[in-house]
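> coordinates only, no sequence provided:
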């Protein structure tokens, strides 16, 4: 191949490349921008309309995990727990497939943007799938299947803990606590004790990292179970630490009663937005050989777009549950908003580094197109090619704003022990100063002896 | 300098073109023998279920409890399937090997099976319906059910050990035959399965 042919060939190649870049412009909006109408439908409790919107994203190959997660979440808001589990199980399988990094997607992401890589879910999202599947099974009255999810959470958390990283999220306190509740329900006391202990350790970290104090119910559970298992030393330590008196022999737990566990999924998780900055700089080779005199060169466009989290407004702060004259207030168990933010913070150095590397690569492409135009001595081709590749460079640089957006901002829990029977459960959603914002009634909630009945509600702010 | 740059960018762009072209493949279906071993994800699959049922059937028919019961009672024992609880980390369908066992035991002509508690509810409903709607001659009376002599119960347990990309999965299935008359365990069957699953770090 002589020099002339090479130049022609490379020019064709460059133009093709520019077209490839431009072809990605069609999906110009970032992921989070497409979520607006879904959010509106959710806050209006129009779940079918929201599902229809979500269905529009079913075609995307790289966002398949998110499509399944969102669909699973909205189905459970609709109280279709079996359908929800089907979706979440499919999401789990998809995540497992994406464990292996794709060579082609990562190559493409080096030139286009991070969103070309299939989204496998952040660590905390991969854990919360199991939590929500467990909630689904519990509400379906299948504690044995919830137990399976509990074991899978354990495996997943071990996997996350093994990775050496600056992550604050290495333990999921609520998953551990729910695991404890499930084991206790199934009569596996020692496993329940271990789960409560792990939840306790995790909440100690939560109170530092995410502002979630150790829930009172966990304190009572730890103490009660330690006494039950005959761990007198441990029980004494808990008693001193929490300031709760040890229960007298024989007065442990009203065994004849059942229990209502109410779960409030409050609001929506924070949403990633994009902040972008563009800069005209000298082309990379000129920058590197600053001393060498060059004939006039066009500056190249360097565009850097990075994601940041924006919390979603929510007036509801907690909830009050009433059953047959008894009342209980919900307690904060998991602050997903804070967990998501901490997770993005820990990924930010890598995201920034990739973005800068990409800016350099795009600069090189722009310069190459300029040179190819120069050699032809055709000002029109040069200008069109150069402009085109610059527009493409700006337009393709988008931040990866993908995240599981139908997750709640936080999860709260209330437990009430009541005698067996069928009840109407009233839930008051409280704002600032305990002002009632909305009320919901759930008729025909059956509480059976020595068992826990789970009731979950997802409240999305208007 | 000019040329090397162009060559480099050409290579990058060709890689990009390749990546874009690597989309869209049609579905293909290939029929397989039910006994053929095919491991995909390393999770519990049909092969595991078949191995468990084969092992259990062979064992349960070979043991002394059968002969002993037939000798002392001079009839075939009646068995009922109780709960096989899944204590593993996977959502395992236990019905496949339980019904394999049921079929093998019934076909051996040495054991009878009575319907399980959920099946019984349905049959009782049908008998109640017959009471109202069926003719006198074809009507089946209530209270004529055959009680079981033994109950088959079991558990599936797993132990997982993982490090990096490698996972060791250990499954243990225990089935027990308990005499309903005196709570005696007359047979305990066990099958262990161990798998080493290595996950790939890269895909195309």
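That came through, no problem. Everything numeric in this text was worked out from a predicted model, so none of it was measured. Residues are numbered from 1 along each chain as shown, chains lettered A, B, ... in the order given.
> okay, now the unreliable bits of the stretch 301-450 of chain A?
Confidence mapping of the stretch 301-450 of chain A against pLDDT under 70 gives the ranges A:376-378.
> what about the strands in it?
A:318-323, A:326-329, A:331-334, A:410-418, A:421-430, A:436-447 (DSSP state E, counting those that start in this stretch).
> report the next helix or strand after the last one in sequence order.
Right, the one you point to is strand A:436-447. The helix or strand immediately downstream of strand A:436-447 is strand A:452-459, counting by DSSP states H and E.
> between strand A:436-447 and that following strand, find me the angle.
Orientation check (axes from the mean of the first three to the mean of the last three CA atoms, to 10 degrees): strand A:452-459 against strand A:436-447 gives 150 degrees.
> strand A:452-459 pairs with which strands, and in what direction?
strand A:258-266 (parallel) (DSSP bridges).
> pLDDT averaged over the strand it pairs with - what is it?
In this model, strand A:258-266 has an average pLDDT of 94.
> in that strand, which residues are buried?
Residues of strand A:258-266 classed as buried: A:258-266 (neighbour count, 16 or more other CB atoms under 10 Å in any protein chain shown). C-betas here are computed from N, CA, C, even on glycine.
> distance from it to the middle of the chain?
Its chain's C-alpha centre and that of strand A:258-266 lie 22 Å apart, by CA atoms, centre = their mean, to the nearest Å.
> got it, and stretch A:40-58?
19 Å.
> now stretch A:173-183
19 Å.
> next: stretch A:210-226.
Distance, centroid of stretch A:210-226 to centroid of chain: 25 Å (CA atoms, centre = their mean).
> which residues does it contact?
A:168, A:173, A:177, A:180, A:184, A:189, A:192-193, A:196-197, A:199-200, A:203-204, A:206-207, A:232, A:234-235, A:238-239, A:242, A:244, A:246-247, A:252-253, A:331-335, A:338-339, A:342, A:413, A:415 (CB atoms under 8 Å, 6 or more residues apart in numbering or on different chains).
> what do you get if the cut-off is 6 Å, keeping everything else the same?
Stretch A:210-226 has contacts (CB atoms under 6 Å, 6 or more residues apart in numbering or on different chains) with A:193, A:196, A:199, A:203, A:206-207, A:234-235, A:238, A:242, A:244, A:331-332, A:335, A:338-339, A:415.
> now, of those residues, which are buried?
The buried subset of these - by 16+ other CB under 10 Å - is A:193, A:196, A:199, A:203, A:206, A:234-235, A:238, A:331-332, A:335, A:338-339, A:415.
> can I get those in JSON lines including distance to chain B?
JSON lines is the format used below for these (distance: CB to the nearest CB, whole Å):
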{"residue": "A:193", "distance to chain B": "17"}
{"residue": "A:196", "distance to chain B": "19"}
{"residue": "A:199", "distance to chain B": "19"}
{"residue": "A:203", "distance to chain B": "24"}
{"residue": "A:206", "distance to chain B": "25"}
{"residue": "A:234", "distance to chain B": "26"}
{"residue": "A:235", "distance to chain B": "28"}
{"residue": "A:238", "distance to chain B": "28"}
{"residue": "A:331", "distance to chain B": "29"}
{"residue": "A:332", "distance to chain B": "29"}
{"residue": "A:335", "distance to chain B": "27"}
{"residue": "A:338", "distance to chain B": "28"}
{"residue": "A:339", "distance to chain B": "23"}
{"residue": "A:415", "distance to chain B": "25"}
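> still on that earlier bit, as JSON lines, the buried residues of strand A:258-266 with distance to residue B:139 would be great.
Formatted as JSON lines, the buried residues of strand A:258-266 follow (distance: CB to CB, whole Å):
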{"residue": "A:258", "distance to residue B:139": "41"}
{"residue": "A:259", "distance to residue B:139": "46"}
{"residue": "A:260", "distance to residue B:139": "46"}
{"residue": "A:261", "distance to residue B:139": "48"}
{"residue": "A:262", "distance to residue B:139": "50"}
{"residue": "A:263", "distance to residue B:139": "50"}
{"residue": "A:264", "distance to residue B:139": "55"}
{"residue": "A:265", "distance to residue B:139": "54"}
{"residue": "A:266", "distance to residue B:139": "59"}
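> and the two most separated of those?
Largest separation among the buried residues of strand A:258-266 by CB to CB: A:258 and A:266, giving 25.3 Å.
> point out where chain B drops to low pLDDT.
Along chain B, segments meeting pLDDT under 70 span B:1-26.
> from residue B:83, how far out is residue A:347?
45 Å (CB to CB, to the nearest Å).
> quick one, which of those two is more surrounded?
Comparing residue A:347 with residue B:83 by other CB atoms under 10 Å in any protein chain shown, the one with more neighbours is residue A:347, at 17 against 14.
> for whatever residue of the stretch 101-250 of chain A ends up closest to chain B, give me its contacts.
Residue nearest to chain B within the stretch 101-250 of chain A (CB to the nearest CB): residue A:151, separated by 3.7 Å. Contacts for residue A:151 (CB under 6 Å, 6+ apart) come out as residue B:89.
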